[in-house]
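# pasting the sequence and the predicted model now:
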Amino acid sequence: MEPQPSVPTAPPAQIPPSQPPPAYPTSQPISAAAKGEQYHQELLARCAAGQHEYTTRFGPCGIITAIFCFPIGLICLFKDSERRCTRCGIVQP
C-alpha cells in the first residue's frame with residue numbers, strides 16, 4: 001500500500017451565530033365597524049362599475065288586477081312592477 005499524499009484540510013467554515021428571523025410588522029386588529037364599512041364600500045364599487053343586483057317588486061294594484069282579471073291582468077301586473085338594486089337603491093328604467 002502506498003501512502004496517500006496528505007491533503008491540507010481547511011479550517012471549518014465559520015458559521016455565523018443564528019439570528020432570529022426578521023420581525024414582520026404586526027397589523028392592528030380591525031374593528032367590526034371598520035370591516036363592515038370596508039365591505040359596504042366594496043359593494044358600492046361594484047354598483048359604480050354597473051354590476052347591480054336587481055330585485056323586482058310588484059305593486060298591490062297590479063297583483064289585485066292580475067288575480068281578478070286573469071289573464072289580461074298580467075299586463076297590469078308587469079306594468080306595476082319596479083326593479084331596484086338591493087345595494088344602492090337605484091331604480092332601473
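Good, I have the coordinates.

# in the biggest helix by length in the chain, what counts as buried?
Longest helix in the chain by number of residues (criterion: DSSP state H): helix 32-48. Neighbour counts over helix 32-48 (16 or more other C-beta atoms under 10 Å) mark Cys47 as buried. (Each C-beta comes from the backbone N, C-alpha and C, glycine too.)

# next one: stretch 54-62
Gly62.

# between the two ends of it, how far is it?
19 Å (C-alpha to C-alpha, to the nearest Å).

# check which helix or strand covers Cys76.
In the assignment (DSSP states H and E), Cys76 maps to helix 73-79.

# send me that helix as CSV with only the CA atoms.
The C-alpha trace of helix 73-79 is given here as CSV (Å, rounded to 0.1, in the frame of the first residue of the first chain):
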residue,chain,number,x,y,z
GLY,A,73,-104.5,41.4,-15.6
LEU,A,74,-100.9,40.1,-16.0
ILE,A,75,-100.2,43.1,-18.3
CYS,A,76,-101.2,45.4,-15.4
LEU,A,77,-99.0,43.3,-13.0
PHE,A,78,-95.9,43.8,-15.2
LYS,A,79,-96.6,47.5,-15.7
